[in-house]
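Novice: What would the 3D arrangement of this be:
(3 chains)
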Amino acid sequence: MFTVIKPMRGPKFKNEVARYPGGENIKRCFACGTCTLSCPVSEAESNYSPRRVIHKILLGLKDEVLSSDEIWYCMTCYRCQVRCPQDVKYPEIMRVLRQMALEQGYVKSEFVDAMKEIEKVTQDIRRKILKRFIEKRESITEKDIREIISLSDKIQP
Amino acid sequence: MSRSHFDSGEKVKKKLKIIGFLCNWCSYAGADLAGTSRLQYPADIRIIRVPCSGRMNPLLVLKCLQEGADGVLVSGCHPGDCHYQEGNYYVRRRMLILKNLLEYFGIDKRRFHMSWVSASEGAKWADVVKKVVEDVRDACEEEVKTAG
Amino acid sequence: MNKRILVIGGGIGGVQAGLDLAQMGIKVTLVEAKPSIGGRMAQLDKTFPTNDCSTCILSPKLYELASHPNVDIFSYSTLDKVDKKENGFQARIRKKARFVNEEKCTACGLCSEKCPVKIPDLFNKEITTTKCISIPYAQAVPAVYKIDKKHCLYFSKGKCGICQKVCTAGAIDYEQKDTIETIDFDAIIVAAGAEEYTPRIRPEYGFGIYDNVVTSIEYERILSASGPTGGHIIRPSDKTAPGSIAFIQCVGSRDISSGNYAYCSSYCCMQATKDAIITREHDQNACSTIFYIDIRAFGKDFDKFVDRAQSEYNVKYIKSRISEIIEKPKTKNLAIKYITPDGRINTKEFELVVLSVGIRIPDQIKELMTELGVKLSEYGFCPCDAFEPGITNVDGIYVCGTLMGPMDIPETVMSASAAASMAARGLLSPEISSEIIKEKPAEIAIEEKYLKIGVVVCHCGVNIGSVVDVPEVVKFAGSFRNVVFADELIYACSRDSIKYIIDKIKEHDLTRFIMASCSPRTHETLFKSALEEAGLNKYLMQMTNIRDQCSWVHQDNHEEATEKAKDLVCMAVGRSRYLQPLHELDSEVNKACLVIGGGIAGMMSALFIADNGFRAFLVEKDTELGGNLLKINYTLEEKNISWLLGKIRERVQEHPLIDVCLNTEIREIKGYVGNFTTNLTSGKEERNIEHGAVIVATGGREHETESYGYRDESYVVTQREFETMLLNKNPMLKYAHTVAMIQCVDSRESDKNYCSRVCCGEMVKNILQLKNDYPDKDVYVLYRDIRTYGMLEPYYTQARKTGALFFRYDIENKPVIQKEENGEFIITVYDEILRRYIKLRAQLIVLSVGIDPLETNDQLARMLKVPLNEDGFFHEAHVKLRPVDFATAGIFVSGLAHGPKYINESVSQAIAAASRALTIITKDKIRSEAHTAVINEVRCTGCGFCVDVCAYNAIEIDKEKNIAAVNTLMCKGCGSCAATCLSGAVDLSGFTNKQLIQEFQELFL
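Specialist: Modelled structure (predicted):
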């Protein structure tokens, strides 16, 4: 499959992103991959790569980026940002992209609200799993964890 | 023939006299470093300092053995490290041929050694001496045995 | 004028600057803060790309400096104050108390052996401990011990005092105070160097937390045969040999987030490659992986070194910067997550991790520079103009080495040599000779005398005496035929002893002298001077080493050690029977220098020869001076090259001491160091010139490519052509909305397997100019590795910030260009990040084509009898420590003739070449080696084998007599010829066959 990089009409996507607070350093990226290796999401979903998202922005693939799932994956843990040698602020850039997606009609405001809810609930589930493990101090496998999640509604707050 | 064969029988007790020709810039400095580091090795070696291992004419080695040396060691800088650009490359070739020639003469190859020891390899120098002394001793013992 | 220059810093930079100045006849005071000189290089195990032993190549330079009569070394000293005075400076130097008398200490090491206090060993990066009284390393110069007052029991508790009790030389002085000396200087060279970055600032790498994470400099010590682990590669946690080692690059380099480290540290890629190779040489099963961002193998033969690492030493290179290191609690192994070449994420465990730490300027050096009034850059380095490398904003203060920016050893050595001839301006003159003439008594002729041998056996305190039965050895020595005097001394090297030796030589009318003591490497010069004082030729002395190679290595067996010492004395006696007086040959020096090539390198070499008061012939085959620089308009640092070039050309052409020969070719060069005659032709005219040295600065040229349609397409241009288009606002630019640049065209592959070093910088330069003039244009760069090393890295960052897009391509999968009907180009390239092919549309394609050596190099090399490397560039005497010298004395190289490099590097090397040439032409006479090849004319058959093996071109066949003739001035005395001669016609004086044979024959009598 070929991706044809076309010249953009109007302001370039990367400059658009760079104009927002937090997006300033995006063009400093030299694609070293530190962000991807720092990312807890990439650890679970190997196809998710912050480096690739930045690269797509730089290439001007605006439509592809703003309509993609990827911009919603970031957990804003800031590990990538702390470790980036070029001070590219990936989590802030994601914030910018989410705002752009909303403003430019790629998603509706309900979608953003739902995202917040998902974030809250998943964090709650994570904490409960951890709590259960810490109390019992037994070795735990991926299968066990998945089982706990399937029963998660039964976990009492 | 293995060394252990002699351990119970007659063993060459006397101290050996092995002559070591060492280049000034690497091996001699390495032997000095073994000293400053107080590394201990057998006292069977007598060192002659030469400017470069490339100075070593094969005839000097033969003469040495002929005069009564139990063994000869020629040691220089590592190939590529020669203080005089390429002297050790020449000696490497010469000594390789000499080694084969010794066998032809009926002299045990173990009596002659060639090594590369740099100025920072004091420990390697000590190891080289140990190995050379052991080899030469083996060769001597074997000759005594055969002669006996 | 006292002609004295202060050199601050005793690393390789300071050492080289000091040596060059001393050899030009200028007095040098070298101040080093540490207890010994040698700097960072003394800590390295080996050097790339030849894997030479670092100590082996450094030590002779340190000894040479320390024993040079023009040099005073102040080690363990600091500068209290530096004042600017009229025409110079005044410095107050504080020599800190060592509590050991420098004059008396014999470096026997007994104090350290008996000292009960262990302290962290700073030289070994605290991997191990040393004693409270210690010397940094075995070969340290000066070889003087030092007490660490902070930890010493005598100072803290008032008891102990063991070192004083055991020191038989009486060198321990607890009352010693700091001493202060105030000295006037004409100029100052600051060679203070840099330090390593502390990876504690990046806690995610676990340095200081996990045992098995070490820095690259710590790893150098672990690799070193004389290091804390005795050359065994073992990891700190369990002292086992690691089977898998990871090197993590760019730790504290190209990193603005952990501090102000926007620059690249230049040498770490190669250091990691070297260390990985050495690791494999130690252990055939060890596997190294290097994690990098870009492999910066930009130097001469570096790419070939990296190729060898991969093909012969199983070193893996993975382009992935590491995010974090996690220790496995049980095994203490380290897990590293990385991105695989095909874009997947993988985790691998390593037994040891080496962090390739970058360099930075330490605060105390920044303070020193502020004190001196020298301006530093935002990164703390001292930046210099391209045409004035080493010149600071303060008149009379020069800098060299890593203080100027991150650089490797050869660049440091070049900049140091360059600083020497810059600082020397105004202090040299052809009327004053720089050779050292020592007053000494007239030499006694020994030919008519009987052979009388004297032997002195040294106790060296208890170093020899406690193991070897010295009186027994003396008695044995006295029993030899011709030995008329034999005695023992406690310390033969003390002043009293030297006087005693001189007296005894005179008293007994000795004609040979034997010193059985320590190593001739350190003490031969001293005892030789005693012979000279006594009126004997100094080559009638024979030293034998009964300490380093006897008492110290057979400590447990006194009887055998004594026997061996006797044998060694016996051998020395034997050899001494055939010793002959030797004399160095003096030869007049023609005080002019020939510079071949009128490009920037040649012009700068000529200028610095002439500015120092000496004559230069500048020969250029073209009709005007300037070379490649005529085609360059601006660089990253300099906006107006043609104006600067114009100024330099004007100075060269108007300089009364420079003879500019344009339109001139060299027909023939005859002669040797100090005395060359060159035949020049210009049209039909012919002339001969005479000179004492030669500098080769013939340059290089832009590579001519046929790739990517360059030959046929007018919209495919080279970077240099593109630069001119930008300057002239070429109308083609109007049409080109998108410019695509392709790096490494024809370079770093098959028959041109080297990096041209400058193309990445050129690309960045042109992007910045393009984006400055036409901000809306798009730029795509297709590259293999971006090699903007050192201070060029911030420009690369700037280029990215302009919006230029970078795509890495693989040599196996080069970009493909198609031309559309409308004249546009479609470039298809595999995007490694998107993991798919992409098509880029561009209207103009710019190629980085690199630098080729001149075809005529071969001809000149044959004329001068100097070598070329595999690629066709001139091959210097030593890649690290003699980067501008040829092995053949009196001939030097600079600029592109030596290899691709930037303008500032060419200029630095050119001035360095001038410096090296000045060390010869400042002398009235030059002196040959004493030990040289000698031809027996009767035996010689004229076969020429000796000519072939001579690395110095010192032997020629005399065509008339058909026998070999040695030029003693060029001969270095290696003896290869003597070993090669089939008719026994060549011998080496001082190491003759007879002497060597008698040395062992005496033993078997």
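Novice: List the contacts of B:Asp135.
Specialist: B:71, B:110-111, B:113 (C-beta atoms under 8 Å, 6 or more residues apart in numbering or on different chains). Every C-beta, even on glycine, is put in place using the N, C-alpha and C of the backbone.
Novice: Give me the nearest residue to C:Thr522, chain neighbours excluded.
Specialist: Excluding its sequence neighbours, the residue lying closest to C:Thr522 (C-beta to C-beta, 6 or more residues apart in numbering or on different chains) is C:Ala143, at 7.1 Å.
Novice: hmm, I was thinking of A:Tyr20
Specialist: A:Val96 (4.3 Å).
Novice: and the one you found, what element?
Specialist: According to DSSP states H and E, A:Val96 maps onto helix A:90-103.
Novice: And the next helix or strand past that helix?
Specialist: helix A:109-136.
Novice: Tell me the secondary structure at the spatially closest residue to A:Glu119 that is not a sequence neighbour.
Specialist: Leaving aside its chain neighbours, A:Glu119 sits nearest to A:Met75 (7.8 Å; criterion: C-beta to C-beta, 6+ apart). Counting by DSSP: H, G, I helix; E, B strand; the rest coil, the backbone at A:Met75 sits in coil.
Novice: can you count the residues close to A:Met75?
Specialist: A:Met75 is flanked by 14 other residues according to other C-beta atoms under 10 Å in any protein chain shown.
Novice: how deep is the residue nearest to A:Tyr20 tucked in, by neighbour count?
Specialist: Around A:Val96 there are 22 residues (other C-beta under 10 Å).
Novice: Could you verify my assumption that it touches A:Ala18?
Specialist: No: in this structure A:Val96 lies outside contact range of A:Ala18 using C-beta atoms under 8 Å: 9.2 Å.
Novice: C:Tyr450 contacts C:Thr511, correct?
Specialist: Yes: assessed by C-beta under 8 Å, C:Tyr450 is found in contact with C:Thr511 at 7.3 Å.
Novice: quick one: which of those two has more around it?
Specialist: Taking neighbours as other C-beta under 10 Å, C:Tyr450 and C:Thr511 compare with C:Thr511 leading, 23 against 9.
Novice: List the contacts of that one.
Specialist: If you count contacts by C-beta under 8 Å, 6+ apart, then C:Thr511 has C:446, C:449-453, C:536, C:540 around it.
Novice: Just give the nearest non-adjacent residue to it, would you?
Specialist: Closest residue to C:Thr511 apart from its sequence neighbours, by C-beta to C-beta, 6+ apart: C:Ile446 at 4.5 Å.
Novice: what's the helix or strand for the residue of the stretch 351-500 of chain C found nearest chain B?
Specialist: Closest to chain B within the stretch 351-500 of chain C is C:Asn463: 9.6 Å, counting by C-beta to the nearest C-beta. Counting by DSSP H and E, there is no helix or strand that carries C:Asn463.
Novice: so it touches C:Arg547, yeah?
Specialist: Yes: applying C-beta under 8 Å, one finds C:Asn463 in contact with C:Arg547, separated by 5.6 Å.
Novice: Close to chain B: what parts of the stretch 1-150 of chain C are there?
Specialist: Residues of the stretch 1-150 of chain C found near chain B (C-beta under 8 Å from any C-beta of the partner chain) are C:45, C:50-56, C:59-60, C:109, C:138-139.
Novice: sorry, back to before: using PDB, list the CA coordinates for the helix holding A:Val96.
Specialist: Output of helix A:90-103 as PDB, limited to C-alpha atoms (Å, rounded to 0.1, in the frame of the first residue of the first chain):
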ATOM      1  CA  TYR A  90       3.100  14.200  23.400                       C
ATOM      2  CA  PRO A  91       0.300  14.200  26.000                       C
ATOM      3  CA  GLU A  92      -0.200  17.900  25.400                       C
ATOM      4  CA  ILE A  93      -0.300  17.400  21.700                       C
ATOM      5  CA  MET A  94      -3.000  14.700  22.200                       C
ATOM      6  CA  ARG A  95      -5.000  17.300  24.100                       C
ATOM      7  CA  VAL A  96      -4.600  19.700  21.200                       C
ATOM      8  CA  LEU A  97      -5.600  17.000  18.700                       C
ATOM      9  CA  ARG A  98      -8.700  16.000  20.700                       C
ATOM     10  CA  GLN A  99      -9.700  19.700  20.900                       C
ATOM     11  CA  MET A 100      -9.200  20.000  17.100                       C
ATOM     12  CA  ALA A 101     -11.200  16.800  16.500                       C
ATOM     13  CA  LEU A 102     -14.100  18.300  18.500                       C
ATOM     14  CA  GLU A 103     -13.900  21.700  17.000                       C
END
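Novice: Next, the residues that contact that helix from outside, please.
Specialist: Residues contacting helix A:90-103 (C-beta under 8 Å, 6+ apart): A:16-17, A:20-23, A:26, A:35, A:50, A:53-54, A:57, A:65-67, A:71-72, A:74, A:76-78, A:80-81, A:84, A:106-109, A:111-112.
Novice: contacting residues for C:Arg649?
Specialist: C:603, C:625-626.
Novice: Validate this expectation: it resides in a helix.
Specialist: Yes: applying three-state DSSP, one finds C:Arg649 inside a helix.
Novice: State the pLDDT value of the residue nearest in space to the middle of chain A.
Specialist: Nearest to the mean C-alpha position of chain A, by C-alpha atoms, centre = their mean, lies A:Cys74 at 1.9 Å. pLDDT recorded at A:Cys74 is 94.
Novice: what domains does the record give for chain A?
Specialist: A:10-107, A:110-154 (automatic domain parsing).
Novice: backbone phi and psi for C:Leu726, please?
Specialist: phi -60, psi -40 (degrees, to the nearest 10).
Novice: My error: substitute B:Tyr104 in the last question.
Specialist: Phi and psi for B:Tyr104, reported as degrees, to the nearest 10, are phi -60, psi -40.
Novice: quick one: it from C:Gln798, how far?
Specialist: 71 Å (C-beta to C-beta, to the nearest Å).
Novice: More neighbours: the two, which one.
Specialist: Per other C-beta under 10 Å, whichever of B:Tyr104 and C:Gln798 has more neighbours is C:Gln798, with 17 against 7.
Novice: Would you mind measuring from that one to chain B?
Specialist: Using C-beta to the nearest C-beta, to the nearest Å, we find C:Gln798 at a distance of 41 Å from chain B.
Novice: tell me the SS of that residue?
Specialist: Assignment for C:Gln798 (three-state DSSP): helix.
Novice: Surely it touches C:Leu768?
Specialist: Yes: the criterion here is C-beta under 8 Å, and C:Gln798 meets it with C:Leu768 at 6.3 Å.
Novice: need the contact list for the residue nearest to A:Glu119.
Specialist: Neighbour list for A:Met75: A:40-41, A:119 [criterion: C-beta under 8 Å, 6+ apart].
Novice: residues touching residue 22, list them.
Specialist: Defaulting to chain A. Applying C-beta under 8 Å, 6+ apart to A:Gly22 gives the contacts A:89, A:92-93, A:95-96.
Novice: should've been chain C
Specialist: C:Ala22 neighbours (C-beta under 8 Å, 6+ apart): C:28, C:65, C:68, C:70-71.
Novice: Centroid-wise, who is the farthest residue in chain A?
Specialist: A:Lys136 (32.0 Å).
Novice: Quick check: that one vs chain C, distance?
Specialist: 20 Å.
Novice: same check, this time on A:Arg52
Specialist: For A:Arg52, the distance to chain C (C-beta to the nearest C-beta) stands at 5 Å.
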